[in-house]
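1. Below is the sequence, then the predicted model.
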Protein chains: 2
Amino acid sequence: MVRASPYLPETALRRAMTMTLLLCAAALPALAAEGMWTLDNLPTAALRQRYGFAPDAAWVDKVMQASVRLAGGCSGSFVSAEGLVMTNHHCAAPCIDQLSSAQVDRSAAGFLARTRDEELRCPEIELNRLEQIVDVTDRVRQATAGRDGTAFQAALDAVRADLTRACKKDDAATRCDLVTLYHGGQYRLYRYHRFDDVRLVWAPESDIANFGGDPDNFNFPRYDLDVSMLRAYEHGRPAVVRDFLRLKPAGAQPGELTFVLGHPGHTDRQLTVAQLETLRDRLAVETLPRGSELRGLLIQYGRGGAEPLRTSLNDLFYLENSVKVWRGQLQALSEPSFWAARREAEQRLVAFVASRPELKAQVGDPWSAIAVAQQRARELWRPYRLLSRGDAFATSYFRYARLLVRGAAERAKPDAERLREFAEAGLPEQEQLLASSAPVYPALEAAKLGWSLSKLREGLGADDALVRRVLGKEAPDALAARWVTATRLGEPAERMRLWRGGQAAIDASNDPFIRLAIEVDAASREIRSRYESEVEAVEQKNSERIAAASFAQTGTGAYPDATFTLRLSYGEVRGWNERGMPVPPYTEVAGVFARATGADPFRLPPSWLAAEPRLDPRQRFNFVTTNDIIGGNSGSPMIDRHADIVGLVFDGNLASLGGSYAYDESVNRAVAVHPGVLVEALRKVYDAGFLADELLGRPAR
Amino acid sequence: MVRASPYLPETALRRAMTMTLLLCAAALPALAAEGMWTLDNLPTAALRQRYGFAPDAAWVDKVMQASVRLAGGCSGSFVSAEGLVMTNHHCAAPCIDQLSSAQVDRSAAGFLARTRDEELRCPEIELNRLEQIVDVTDRVRQATAGRDGTAFQAALDAVRADLTRACKKDDAATRCDLVTLYHGGQYRLYRYHRFDDVRLVWAPESDIANFGGDPDNFNFPRYDLDVSMLRAYEHGRPAVVRDFLRLKPAGAQPGELTFVLGHPGHTDRQLTVAQLETLRDRLAVETLPRGSELRGLLIQYGRGGAEPLRTSLNDLFYLENSVKVWRGQLQALSEPSFWAARREAEQRLVAFVASRPELKAQVGDPWSAIAVAQQRARELWRPYRLLSRGDAFATSYFRYARLLVRGAAERAKPDAERLREFAEAGLPEQEQLLASSAPVYPALEAAKLGWSLSKLREGLGADDALVRRVLGKEAPDALAARWVTATRLGEPAERMRLWRGGQAAIDASNDPFIRLAIEVDAASREIRSRYESEVEAVEQKNSERIAAASFAQTGTGAYPDATFTLRLSYGEVRGWNERGMPVPPYTEVAGVFARATGADPFRLPPSWLAAEPRLDPRQRFNFVTTNDIIGGNSGSPMIDRHADIVGLVFDGNLASLGGSYAYDESVNRAVAVHPGVLVEALRKVYDAGFLADELLGRPAR
C-alpha cells in the first residue's frame, strides 16, 4: 500500500518515504510518464505531444477542489455533492480500528451506515482540501538571507509561523502549510480548507480490502477491494461541495491516458550521492533492523489470543508495509548500475558548473558541504531518532505526554520562537489529537514500551547518563509495566485538563509519562536542534544551489521531489514484463475466488462467498498503470481526460519501491481498484445500491 | 562473545562469521599485532624483533596438543593431566541448557560436580584435539585440474571423501577435515583426536557468567566470569592427557606479550571488492532483517511465562550475539574510507598483474570472473538460504528429518559421490547428533516454524510452486502446530530407529517432518548444487589465482583467512582510546558490585552477593589485549611466552567486529577473563578449592 507513514509532529512525513529527478533528467527518455507535477506547472507540451490532450485551467481548478488530503498520510477525493469522500480502506483503517472493540470488530466485520445517523465520527481523521497556492520564495529568502545553521533554522521557523498565522486568520477551518520545493529551491504557502468532523460511511471487511495481506502487498496480479467511504461534515451536517468527481464504472481501456491526482509523500530523487549513501546505510543499520525486530515482537504478541491479536493487528499491518518499503528501497540502493548512473550524472553537473565561471561563483561547491554534513548525520542520527523522534519511548502515552509538556512551554512563547509544530496556526490539529477518543490498549503499550526502552539502552549504551536516569535500577519491562499501570493519559479528559491547565498543570502532575517527558526534554531538544542546524539546514541551503545549477544545465522545467502536497502524474493502462513473462494489466472477479484458500490472508469474507453466484466473474477487479506514484498516493483518484474516476490507487508493484530514487517506465507500476468492481460489490455483496447511486450521481435515497 | 555459530552440516561455519589480509597487507604498518597464524607458519621474525621471543618447535607442539576445538563453534584447552578442559560458559551453554529442566535450571543456578560421579555427560559436545597437519595441495590440484563449476565441485568432494576416509581409518576417535586455505590457494588435511564423551564439571550462574547481557556484549569495561569446566572422557574414564596448560593466577602485566591459541571461525579479509559488496548487501537486505525479526519474536515469546522464558533464552542469547556481530559488520562496511582503501589496494594488484606479462598469462582476470559470479550469488542467495540452509524450516524437527532423509539416500552411494557431510569419515558426528538426549520444546519449535514458513512464502512469493506444495491451503501457524503435534522426531530412539532402518524406514514413515524433508529435497539439492557450482566453485578457483598474484606482489608470507582451525595470534595487554578518553586495560572485582542494579542483566547471583565481604576488591576481573581474534576464538586460552594461561578469551570490543574485514591495532581488542578472578571465585564463592587445585597442578582430591 502506498500510504505515507504518520509520526510525531516534528517528524511527520519524513520517514518511510524516500525518490530523484533533477540529476537524472538528462538521462531519461523523452516523454516517459515520469513525474509528480505541481498543479501550477504541468508538463502540458509533453502531454499534448504524447496524448493529444492537456488539462486547461478550468479542469485543473475543478480537480484541485475535488481532491482531499488525509492529514495522517493519504489521499482521497470528493465523490458527491454531499461531502462523500472515497479513499482506501487502509487509509480509513485507523478510524475503523478506533471505532472497534472486543465486542464489535468493524475491521473484521466491515461497516455500512444505512442512514446519515448511522455514520460514525472518526476520532482522528482530518481532511484538507487545497484552496490556494502562493509563491513566498522571496519572502523566505529575505528572512533567511546570510544565515547558517541554527540561525538559518530559527529564521525559517519564524517566517513560517508568521506566514501561516497570517494565512489562517484564526479560522479553525483553515490550515496553512509552508511547503519547501526542490529541497529549498522554492517556497510556497498552501492554504487548505480543513474538515475535522469526518465520519465513516462504509468499509468492507478487511479480509477483502486487504486480500492477500502482506504476501501480496506491492505485488500484482491482485484482488483487493481496498476502498472505504467517509463523509465530511460541517456544523453537524454533511458538507456541501461544489466540485467532486464522478465514477465511471467502465474504467479505462488498455493504453488509455490516466491521471493520478494525489499527495505523494516523499521522494529522494534530487539528493546527492553522499546523501543517498547516508540513506542506504541508515536503512541497513538502523531503520530496517529496528522495524524487523518490532515486527517479530508484534507477530508473537498477536499469537497471545483473540484480543491481543485484534488490538495489535493495525500496528503490524502498517509496520509490515513499512518493512516491505524499506527492503525494496534498500534493494534499489543495492544495484551497482544505479550508483554508476547517479555518480556519472553528479559528476557531469559538477563539471558543468566548473566550466562556467559565473555559475561557479554563484553555486560554489554545495556537494562538498553536503558531504561534510553527512558525517554529522551519521553521528547524530541514532540519538536523534531515539530521543527526538521518540523511538526510545514507543507508546502513545509518551506521545501525548511530550505534546502536553512541550505544548505548555511553547504556547507561553511568542509565536515566531516556538518549535514549529506549536506555531499558532497548527494548534487545532494538536488539540484534535489530544481530545481523540481512540482507545489505548495498556497491555500492548507496555509490550512496545518495555521493548523500546531496552532499545534506548542498546542504542546509547548502558553507561549513558540519560539512559541511567531513565531506567534507574529497574529492568525496562518492569518499568514499562509500572508506568502503564499508573498513567491516566489514556483518558482524553485528563489530557485536555492538562492541555488547558498549561504549565501549572504540568508542574503539578505526577503522571509517570509527564515526568518522563520532562526528564528527557532538554536532551531531546538539544539533539533535535543539532540535527536540524548541523544537518538539515546545511542540506537545505546547499540543495538550493544544486537546484540552481541543475536548472542552468537542463534549461527545462522539472517537477520537485514529493512533499505530501497535491500533484498530478500522467500515464496509461499497461502491464509489464516480469522475468520475461508478460503481466497483463487487469485482474477479474473470478480470480479472487480461484486464489482464496480459506486461510488468512487468503480468506474471503462470508459476504463474498455468499455473493459469488451473483457476481460477474469477468468484471475487472484491480489493474496497473504507468503512473509515477509513491507512498501518500494511497486513496488517490485515478481520472481520465474528462476528470471522471477510472480507478482508485492503493498500491504500487515491487519495482515501484525503487521509485523513491528513480522512475523506470518499463517496470514501475501503480496498482488501482477498478471502479466497476466497486459498483458491483456495493450492489451485489453489500446491498448498498444507495451508495452506488450516490457515487454515480443518481437521485439520493 | 566471539563464538562461531553452528548451522546445518552443509553450511557449518559459513554464517555469522564473515575478514581480509592479502589485499591489505601492503597498506598495514609493519609489526602490527595483526594475524591469525597457522602453527606451521608463524611470524617468528616479527615476533623476535618486537618482543625478543619466538616460539620454538617444542613450544608449538606442546600448545597444539593442549588446545581443543569444540566442534559446535568454540575453542578450549586442556588444563590438567586428567582431561579437564577450560572454555567459556557461553560455549558450554548448550550443554548446560540441555541438562536443565523446568525443575532443575542449571543455567540459572550454576552447577558444580564435587566428585567425578557427579560430572554430567553433555548430549552434543564434541572436542577435537589437533594431532597432525598434512599438505595435500598437490593431490587436490590434480583432482580438480581443468574442471569448472559442477565438475570442479564434484571432484573436490570426491577427493575430500577419499582423503578423509584414508586418514580416519575406521577409528571413531579420529576426525579428519580437508581445510581450504587462502580460499583455495592451499589445501591441508587436519587430523584430530575426537572426544565425544564430554562431561560438565563446573558452571557458574548465568547471571555472573553473562553479567551485563546483550547491552554489555562486545563492550568493555566488563565483568563476566564467562568460564566453564568440562572433562574429556575415554572408555568411561577421565582422559589422560600428556600436554596441558597451567593457570598463572597473576596473569599478564600491561604491555606483556600474550598469545591467543584458538580456532577463529571465519574472516573475509581476502575477498574482492565485488564479493564484499555482495556481503554488505546480503547482510543489509537478508541476514540482519531476518535475525532482527526472529529476535523480536523470541523476546515476546519469553514474556509468555517462566517456562517459555527458560526454554527460549538460549536461542535468544545466541541470536542477539549474532545480530550484534552483523550490525557491527555492516557498520564496518558502511565506512567510506574502508571502501576507498580496498578499491585502491585491488586496483594496485590488478595493475601489478597487468604490468607483468608472464604473471598476467598465469593469473588472467579472476576479478571479473568473481564479479560475474556475484550477480549469480545475488539471484540465488534467497532460495539457497531458505531451502538449502533451511531458513524456511526453523525447527530441530526439520534438521533431524533432513539428516535422516538424506542420510538414508547418501549412505547408499559410494563414498566419493555423497554430499560431503555424509562422507564416511563424518558419520560419527551425525550419529551423535541424532542420538542426542537434548530436550526439544514443542511450543517453541511450533512458534519458530510457523514464523519461518511465513518467511518462506514472503521470500519466494505466494505463487511459487514449492511454496504452494508446502503450505497447501493452510495458514503457516496452523500447519506448524499440526506437524509439531504429530511428529515423533523429538525422541532420540525414534530418530535412531529411522537412521538404522535406512531407506526402507524412511519410505515407511508418515512423520510429517520426514514427509516435508522429502517434499522439499529435490528443490533444495538443486539450489545447493547451483549455488556451489555457479558461485562458490567460481570464487574458489579464481581466489586461488588472486592469491598467487598477491604473493607475487608482496613477496612475503601472509596468514590465510580464518577457517575454524587452530591459529596463534600475538599481541599485548593494552587499553585504547574511545572518543578521546582512555579505556584502561583491566577491570577489578569491586567494579561488578558497583555496576550491579539487581535487575536482569545487571543482577548478581546470591552466591556473589554473599561472598562480597570475602572477595579481594582489587582482584583483576576482565582485561583487554591487542590480539587479533574473531568468532570461534571464544574459550581460547591466552598464554604467555612460557605457555602458561594468563587469560581466557571470551569476547572482543565493538571495533573488533570490523575484524571480519580488517584489523586495526589502535582499536581492535580481545576481551578475556583474568585467571586470578577464576581462582578467587572457585575458592571464595563456589567452595571449589579442589578445582582450583587441579587447575594449579596441586595434589588431586
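-> Looks like it arrived, so ask away. Owing to the predicted nature of the structure, the values given are computational and were not obtained by experimental measurement.

2. list the contacts for the closest residue to A:Asp214 other than its chain neighbours?
-> Using C-beta to C-beta, 6 or more residues apart in numbering or on different chains and skipping residues adjacent in sequence, the residue nearest A:Asp214 is A:Glu320, 4.5 Å away. (Glycine included, C-beta is placed from N, CA and C.) Under the criterion of C-beta atoms under 8 Å, 6 or more residues apart in numbering or on different chains, the neighbours of A:Glu320 are A:214, A:217, A:295.

3. Relative to A:Asp170, which of those residues is nearest.
-> Ranked by distance to A:Asp170 (C-beta to C-beta), the contacts of A:Glu320 are led by A:Asn217 at 42.9 Å.

4. Surely the closest one and A:Val323 touch.
-> No. With contact defined as C-beta atoms under 8 Å, A:Asn217 does not count as touching A:Val323 (10.0 Å).

5. Could you list which residues are in contact with the residue of the stretch 151-300 of chain A found nearest chain B?
-> Nearest to chain B in the stretch 151-300 of chain A, going by C-beta to the nearest C-beta, is A:Gly296, at a distance of 3.1 Å. Counting by C-beta under 8 Å, 6+ apart, A:Gly296 touches B:292-300, B:451.

6. Same question for A:Ala481.
-> With the criterion set at C-beta under 8 Å, 6+ apart, A:Ala481 makes contact with A:446, A:450.

7. I'd like the distance between it and B:Ser312.
-> 20 Å (C-beta to C-beta, to the nearest Å).

8. for A:Ser292, same thing?
-> Using C-beta to C-beta, we find A:Ser292 at a distance of 18 Å from B:Ser312.

9. Check A:Ala143 too.
-> From A:Ala143 to B:Ser312 the distance is 57 Å (C-beta to C-beta).

10. higher neighbour count, these two?
-> Neighbours were counted for A:Ala143 and for B:Ser312 using other C-beta atoms under 10 Å in any protein chain shown; B:Ser312 has more, 24 against 20.

11. give me the element that one is part of.
-> helix B:306-332 (DSSP states H and E).

12. Residue of the stretch 301-450 of chain A closest to chain B, please.
-> A:Ser334 (4.1 Å).

13. That residue sits in which helix or strand?
-> Using DSSP H and E, no helix or strand contains A:Ser334.

14. need the strands for the stretch 401-550 of chain A, in chain order.
-> Assigned by DSSP state E, counting those that start in this stretch, the stretch 401-550 of chain A shows no strands.

15. Tell me the residue in chain A that is farthest from the middle.
-> A:Pro357 (41.6 Å; C-alpha atoms, centre = their mean).

16. how far out from the middle of the chain is the helix holding B:Ser312?
-> Here helix B:306-332 is found 14 Å from its chain centre; the criterion is C-alpha atoms, centre = their mean, to the nearest Å.

17. Would you mark the buried spots in it?
-> Buried positions in helix B:306-332, judged by neighbour count with 16 or more other C-beta atoms under 10 Å in any protein chain shown: B:308, B:310-332.

18. same thing with stretch A:554-574?
-> A:558-574.

19. Then stretch A:90-109?
-> Buried residues in stretch A:90-109, counted by 16+ other C-beta under 10 Å: A:90-100, A:105-107, A:109.

20. ok, of these, which one's closest to B:Ala361?
-> Once C-beta to C-beta is applied, the member of these that ends up nearest B:Ala361 is A:His90, at 62.2 Å.

21. what about that closest one, which helix or strand?
-> With DSSP H and E as the criterion, A:His90 is inside helix A:89-98.

22. What's the mean pLDDT across the helix or strand following that helix?
-> Sequence order places helix A:106-109 as the next helix or strand after helix A:89-98, per DSSP H and E. Averaged across helix A:106-109, pLDDT comes to 97.

23. before we move on, what about stretch A:603-623?
-> Here stretch A:603-623 scores 98 as its mean pLDDT.

24. Are that stretch and chain B in contact anywhere?
-> No. Counting by C-beta under 8 Å from any C-beta of the partner chain, chain B is not contacted by stretch A:603-623; separation bottoms out at 8.6 Å.

25. List the buried residues for that stretch?
-> So stretch A:603-623, judged by 16+ other C-beta under 10 Å, has buried residues A:603-605, A:607-608, A:611-612, A:615, A:619-623.

26. Among the residues you listed, which lie within strands?
-> Among those, DSSP state E puts A:620-623 in strands.

27. quick one on the thing from earlier: what separation do you get for the residue of the stretch 151-300 of chain A closest to chain B and A:Leu319?
-> In terms of C-beta to C-beta, A:Gly296 sits 10 Å off from A:Leu319.

28. any idea how far stretch A:248-265 is from the chain center?
-> Relative to the centre of its chain, stretch A:248-265 is centred 20 Å away, using C-alpha atoms, centre = their mean.

29. What is the end-to-end distance of that stretch?
-> 27 Å (C-alpha to C-alpha, to the nearest Å).

30. For that stretch, the averaged confidence score.
-> 97.

31. ditto for stretch A:540-548
-> 89.

32. For it, buried residues please.
-> Buried, per 16+ other C-beta under 10 Å, within stretch A:540-548: A:540-548.

33. Looking at these, which are in helices?
-> Residues of these located in helices (DSSP state H): A:540-548.

34. For those residues, give me CSV that also has distance to chain B.
-> Shown next, in CSV, are those (distance: C-beta to the nearest C-beta, whole Å):
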residue, distance to chain B
A:Gln540, 23
A:Lys541, 23
A:Asn542, 19
A:Ser543, 21
A:Glu544, 25
A:Arg545, 23
A:Ile546, 20
A:Ala547, 25
A:Ala548, 27
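
35. what stretches of chain A score poorly on pLDDT?
-> A:5-32, A:555-557, A:699-701 (pLDDT under 70).

36. ok, back up a step: is it fair to say the residue of the stretch 151-300 of chain A closest to chain B lies in a helix?
-> Yes. Under DSSP: H, G, I helix; E, B strand; the rest coil, A:Gly296 falls within a helix.

37. Not counting its neighbours along the chain, what's nearest it?
-> In space, A:Gly296 comes closest to B:Gly296 once its chain neighbours are excluded; the distance is 3.1 Å by C-beta to C-beta, 6+ apart.

38. correct me, but A:Ser569 touches A:Thr258?
-> No. Applying C-beta under 8 Å as the test, A:Ser569 and A:Thr258 come out as separate, 9.0 Å apart.

39. list residues touching both of the two?
-> In contact with both A:Ser569 and A:Thr258: A:Asn627, using C-beta under 8 Å, 6+ apart.

40. and the stretch 351-500 of chain A, which residues reach chain B?
-> Near chain B, when you scan the stretch 351-500 of chain A using C-beta under 8 Å from any C-beta, you find A:447, A:451, A:457-458, A:461-462, A:472-475, A:477-478.

41. Just the buried ones among these, please.
-> Using 16+ other C-beta under 10 Å, the buried ones in these are A:447, A:451, A:457-458, A:462, A:474-475, A:477.

42. A:Phe111 contacts A:Glu205, correct?
-> No. In this structure, A:Phe111 is not within contact of A:Glu205 by C-beta under 8 Å, at 9.2 Å.

43. and A:Asp511, how many residues sit next to it?
-> A:Asp511 has 21 neighbours, counted by other C-beta under 10 Å.

44. Just confirm A:Tyr190 is within a strand.
-> Yes. If the criterion is three-state DSSP, then A:Tyr190 is within a strand.

45. Identify the residues contacting A:Arg684.
-> Arg isn't right for residue A:684; it's Lys. Per C-beta under 8 Å, 6+ apart, neighbours of A:Lys684: A:611, A:614-615.

46. The helix holding A:His90 versus helix A:306-332: what angle between them?
-> 150 degrees (axes from the mean of the first three to the mean of the last three C-alpha atoms, to 10 degrees).

47. so what does helix A:89-98 touch, helix or strand wise?
-> strand A:74-78, helix A:106-109, strand A:197-203, helix A:206-209, strand A:228-234, helix A:306-332 (3 or more C-beta pairs under 8 Å, 6 or more residues apart in numbering or on different chains; DSSP states H and E).
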